[in-house]
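A.B. asks: Quick one, structure for this:
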Amino acid sequence: MIARRAVLAGAGALVCVPAGRRAQAKLPPIAMERHERAMRAAIAQGKRNAFYPFGAVIVRADSGAVMAEGVNNSSANPILHGEIACMNDYVARNGSTGWSDCVLYTTAEPCPMCMSALAWARIGGVVFGTSIASLKRFGIDQIDIPSRAVVDAAPFFTGTLLGGVLEKETDQLFRDRRKG
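C.D. replies: Predicted structure coming up:
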């Protein structure tokens, strides 16, 4: 999932830099330990929906403070994917400012709708666990457009995109989900 990007690792930090044409978001380097802590919070959110464990949290990049959380509630409203529910919670708690200072962590790669909403918000970064390809292998319907394609089609978006964080744990969440 890190195609067309350079990954710079140093002092336990990981920074993803989009290729070429865009300025990079001004996020501080984030240690993998912090990525994993935030992803575990997204996993906890995902466990609130046994059928569709798409959970998300938004954290401040500088402090790691959780600013919002959400879980898929598409049975009530088809657009309430975990990321959208989390974005709604962020706006309710913080207003619609400060997006570029935050990172959204989600148990699975954002669908095109969610990734587009995140790009329009100009969030500082998006980190996911399970890929769209894996979701399809687990029998979960997906629109087959990866987040990277959405980001590449949004020249105004300067945030980072990182996939595969705690992927074994998030894959298990989706593989073992309740079906029916």
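A.B. asks: List the buried residues in the lengthiest helix in the chain.
C.D. replies: Counting residues, the longest helix found in the chain (DSSP state H) is helix 32-46. For helix 32-46, a neighbour-count test (16 or more other Cβ atoms under 10 Å) marks 34-35, 38-39, 41-43, 45-46 as buried. All C-beta atoms are positioned from the backbone trio N, CA, C, and that covers glycine.
A.B. asks: do the same with stretch 156-165
C.D. replies: Under the neighbour-count criterion of 16+ other Cβ under 10 Å, stretch 156-165 has 157-165 buried.
A.B. asks: Widest-spaced pair of those residues?
C.D. replies: Using Cβ to Cβ, the two most remote members of these are 158 and 164, lying 21.5 Å apart.
A.B. asks: for residue 156, phi and psi?
C.D. replies: Main-chain torsions, residue 156, degrees, to the nearest 10: phi -80, psi -20.
A.B. asks: Can you name every helix or strand that the longest helix of the chain contacts?
C.D. replies: When contacts are defined as 3 or more Cβ pairs under 8 Å, 6 or more residues apart in numbering; DSSP states H and E, helix 32-46 sits against strand 13-18, strand 55-60, strand 66-71, helix 82-94, strand 102-108, strand 125-130, helix 167-175.
A.B. asks: that older thread, which of the buried residues of helix 32-46 lies closest to residue 107?
C.D. replies: Closest to residue 107, out of all of those and judged by Cβ to Cβ, is residue 46, at 4.3 Å.
A.B. asks: Against residue 171, how distant is that closest one?
C.D. replies: For residue 46, the distance to residue 171 (Cβ to Cβ, to the nearest Å) stands at 12 Å.
A.B. asks: where does the residue lying closest to residue 180 once chain neighbours are set aside land in three-state SS?
C.D. replies: Of all residues not flanking residue 180 in the chain, residue 51 sits nearest, at 7.1 Å (Cβ to Cβ, 6 or more residues apart in numbering). Residue 51 falls in the coil class when you classify it by DSSP: H, G, I helix; E, B strand; the rest coil.
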